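Participant: Need a 3D model of the following:
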Amino acid sequence: MPVTVTRTTITTTSSSGPGFPTTVGSPRALTQPLGLLRLLQLISTCVAFSLVASVGAWTGAMGNWSMFTWCFCFAVTLIILIVELGGLQARFPLSWRNFPITYACYAALFCLSASIIYPTTYVQFLSHGRSRDHAIAATTFSCIACVAYATEVACVIFAFISNPYLYQHQPALEWCVAVYSICFILAAVAILLNLGDCTNMLPIPFPSFLSGLALLSVLFYATALIIWPLYQFNEKYHGQPWRSMDVSCGNRHTYYVCSWDRRLAVAILTAINLLAYVADLVYSARLVFVRA
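Facilitator: Numbers count the residues shown, from 1 in each chain. The predicted structure is shown next:
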């Protein structure tokens with residue numbers, strides 16, 4: 001008697017995009033944009049600590065911190081991928097709706113700190129040779145991991161503002177959405193210029209260019225950090241200061257993110273992105289000062 005094997009794929013709605021269906025419990029989850037982004041996070045952190053471990057290129061508190069950061073981020077990202085591939089969100093002990101994005105925020109900051117601390121406190125003092133080459137390569141992959149985690153956080157902002165109802169009624173809120181889009185595009189342009197080795201085409205040195213972009217992004221995000229909460233949560237500007245005032249929050253569906261929660265999430269992510277741009281401004285300004 002012939003036997004027919006049927007492959008089952010479980011589909012549900014997860015935190016990778018509020019209100020957007022995501023295929024889980026299947027290898028196809030890795031072919032989606034967020035899955036590919038997490039694969040990049042996994043590979044870059046794995047390569048970073050592997051390069052350093054292969055030559056023992058870490059000593060002292062700062063070296064240990066960098067090594068811990070890459071190993072920790074690799075391990076947690078691997079757990080996230082396993083949970084989503086296996087469709088195990090319901091069995092996870094924490095709220096899966098909030099865990100991946102919260103972790104991505106911390107991982108971006110961790111990898112940013114490692115990308116700054118490791119080369120400035122350790123790599124520059126290494127003599128030329130195999131250890132130094134591995135350490136420089138590890139720093140490069142650490143930067144890639146930082147960008148990958150930060151991209152996940154930035155992309156989540158666009159998922160939360162996917163409903164035009166949140167901002168179309170106020171020009172000030174439309175400005176905030178423009179800020180998120182402009183800064184994202186500027187960051188993407190800077191990354192593409194660097195990866196494509198096209199920095200010599202710029203009329204100014206690349207570090208100065210990065211400093212200018214970072215300063216512009218900080219100024220833009222500072223306005224958004226003030227305007228978004230003011231118009232969303234202040235009754236004087238027709239905002240809703242309390243969650244109970246939003247009738248859409250009465251839906252108790254597990255994976256549903258109501259309008260008020262989206263507004264709050266965008267406000268929090270705006271603050272996180274502003275801190276990231278401030279850190280980027282400090283780092284890029286330091287590069288300009290060193291070269292001067």
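Participant: Asp194 touches Phe206, doesn't it?
Facilitator: That one is not Asp; residue 194 is Asn. Yes. Counting by Cβ atoms under 8 Å, Asn194 touches Phe206, with 7.4 Å between them. In short, each C-beta sits where N, CA and C put it, glycine included.
Participant: buried ones in stretch 86-106?
Facilitator: Using 16 or more other Cβ atoms under 10 Å as the test for burial, stretch 86-106 gives Gly87, Gln89, Trp96, Arg97, Phe99, Pro100, Ile101, Tyr103, Ala104, Cys105.
Participant: What pLDDT does the model give the first one?
Facilitator: This means Gly87. Looking at Gly87, its pLDDT is 78.
Participant: How about the third one?
Facilitator: Residue-level confidence at Trp96 comes out at 73, pLDDT.
Participant: Please apply the same query to the last one.
Facilitator: Looking at Cys105, its pLDDT is 78.
Participant: ranges for the helices of this structure?
Facilitator: For the chain, the helices defined by DSSP state H occupy 33-55, 60-86, 99-121, 130-160, 171-195, 206-233, 259-291.
Participant: now the ones you listed in JSON lines, with distance to Gly239?
Facilitator: Formatted as JSON lines, the helices of the chain follow (distance: least, Cβ to Cβ, whole Å):
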{"stretch": "helix 33-55", "distance to Gly239": "31"}
{"stretch": "helix 60-86", "distance to Gly239": "34"}
{"stretch": "helix 99-121", "distance to Gly239": "23"}
{"stretch": "helix 130-160", "distance to Gly239": "16"}
{"stretch": "helix 171-195", "distance to Gly239": "10"}
{"stretch": "helix 206-233", "distance to Gly239": "5"}
{"stretch": "helix 259-291", "distance to Gly239": "8"}
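Participant: For the residue nearest to Leu126 when sequence neighbours are not counted, give me its contacts.
Facilitator: Using Cβ to Cβ, 6 or more residues apart in numbering and skipping residues adjacent in sequence, the residue nearest Leu126 is Arg132, 4.1 Å away. Taking Cβ atoms under 8 Å, 6 or more residues apart in numbering, we find Arg132 in contact with Ala57, Val123, Leu126.
Participant: Then Ala150?
Facilitator: Under the criterion of Cβ under 8 Å, 6+ apart, the neighbours of Ala150 are Ala108, Leu112, Ala276.
Participant: So which of those residues wins on neighbours?
Facilitator: Counting neighbours by other Cβ atoms under 10 Å, Ala108 leads the contacts of Ala150 with 26 neighbours.
Participant: pLDDT at it, what is it?
Facilitator: 85.
Participant: Poorly predicted segments of the stretch 51-200 of the chain, please.
Facilitator: Applying pLDDT under 70 to the stretch 51-200 of the chain flags residues 93-95, 97-98, 195-197.
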